[in-house]
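In: Next one to model:
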Amino acid sequence: MAGEAMLVWLRESEGFEGLLILTDDTTGTTRVITFWRDREAEERNRESRMRLRDRMSETVEVRVEETASYDVSFAHLGAKLAATRGQAD
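Out: I've put the predicted structure just below:
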């Protein structure tokens, strides 16, 4: 799966904190959300992350519609969600 391949690469990126992939099987839409220690870490890794995104989207033949940056203003993730599919660290 593309998510596992992305995670292997992202874990090597300084400041990487997490990855969330949301899929709507009805529309075929997928949202990929990465979490970074701070905006500076996100910015330092942006160019290489965009190259990875482009390679992966070409490989699975998908179209990227938007790339945007947001600040997390609130989050609550329970242990069950964090452990989804046995991926908790």
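In: What strand or helix carries residue 75?
Out: Residue 75 is part of no helix or strand, with elements assigned from DSSP states H and E.
In: ok, now how distant is it from residue 20?
Out: For residue 75, the distance to residue 20 equals 10 Å [C-beta to C-beta, to the nearest Å]. C-beta here means a position set from N, CA and C on the backbone, and glycine is covered the same way.
In: Give me the more crowded residue out of those two.
Out: More neighbours surround residue 20 than the other of residue 75 and residue 20, with 13 against 7 (other C-beta atoms under 10 Å).
In: and the residue lying closest to that one once chain neighbours are set aside, what does it touch?
Out: Spatial nearest neighbour of residue 20, excluding adjacent residues (C-beta to C-beta, 6 or more residues apart in numbering): residue 33 at 4.3 Å. Taking C-beta atoms under 8 Å, 6 or more residues apart in numbering, we find residue 33 in contact with 19-22.
In: Can you tell me which of these are classed as buried?
Out: residue 19 (16 or more other C-beta atoms under 10 Å).
In: Nearest to residue 57 among the contacts of residue 33?
Out: Set against residue 57, the nearest of the contacts of residue 33 by C-beta to C-beta is residue 21 (13.3 Å).
In: hang on, that closest one in a helix?
Out: No - the assignment for residue 21 (DSSP: H, G, I helix; E, B strand; the rest coil) gives strand, which keeps it out of a helix.
In: Can you tell me the closest non-neighbouring residue to it?
Out: Leaving aside its sequence neighbours, residue 21 sits nearest to residue 3 (C-beta to C-beta, 6+ apart; 4.9 Å).
In: tell me the secondary structure for that neighbour?
Out: Following three-state DSSP, we place residue 3 in the helix state.
In: now it: how far from residue 32?
Out: From residue 3 to residue 32 the distance is 8 Å (C-beta to C-beta).
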